[in-house]
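1. would you be able to build a 3D model of this:
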Amino acid sequence: MRRTYLGEFEELVLLMIVILDGDAYGVTVSHEIEQHTGRVVTFGAVHNTLIRLEEKGFVTSELGGATTERGGRRKRLFKVTTLGRSALADIQQLRNKLWKLMPDATLKLSGI
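-> As a prediction, the model looks like this:
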């Protein structure tokens, strides 16, 4: 089976959905990425990424209940699928493997 590519921003969004555990929708994902990484992200970038992750089968979504603070609109809540969790585990394993291959001298020279 051919693996589906997971980009760096997709990885961040997917990780945040797991961390938010049931309260992941566009606004919370955007806010939490900014809070935890210091990276400014637009809602549109997150929204497009959520759609792309759903198309790839890494997340599912469902409409939550309507709330007064949202003017009666419902939130689209996202959850990571088994395939999404597997993709995260694969990318973590690959990154760890590559970090272990890097010589110690490289880390010292770069200040890491």
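2. what residues sit buried inside the helix or strand that contains Met16?
-> Taking DSSP states H and E as the criterion, Met16 maps to helix 8-20. Applying a neighbour-count criterion of 16 or more other C-beta atoms under 10 Å, the buried positions in helix 8-20 are 9-17, 20. Backbone N, C-alpha and C define where each C-beta goes, glycine included.
3. C-terminal to it, what's the next element?
-> helix 26-37.
4. the protein: strands as residue ranges?
-> In the chain, the strands defined using DSSP state E lie at 59-66, 74-80.
5. which parts of stretch 39-55 are buried?
-> Neighbour count says stretch 39-55 has 41, 46-47, 49-50, 53-54 buried, by 16+ other C-beta under 10 Å.
6. wouldn't Val13 be in contact with Ile33 here?
-> Yes. Using C-beta atoms under 8 Å, Val13 is in contact with Ile33, at 7.2 Å.
7. residues shared between the contacts of these two?
-> Residues touching both Val13 and Ile33 (C-beta atoms under 8 Å, 6 or more residues apart in numbering) are Val46.
8. helices and strands around the lengthiest helix in the chain, which ones?
-> In the chain, with assignment by DSSP state H, the single longest helix is helix 82-101. Contacts defined by 3 or more C-beta pairs under 8 Å, 6 or more residues apart in numbering; DSSP states H and E place helix 82-101 against helix 8-20.
9. and the helix it packs on, what's its mean pLDDT?
-> In this model, helix 8-20 carries a mean pLDDT of 95.
10. other residues contacting that helix?
-> Looking at what lies outside helix 8-20 - C-beta under 8 Å, 6+ apart - the contacts are 6, 24, 28-29, 32-33, 36-37, 39, 45-46, 49-50, 52-53, 58-59, 78-80, 84-85, 87-88, 91.
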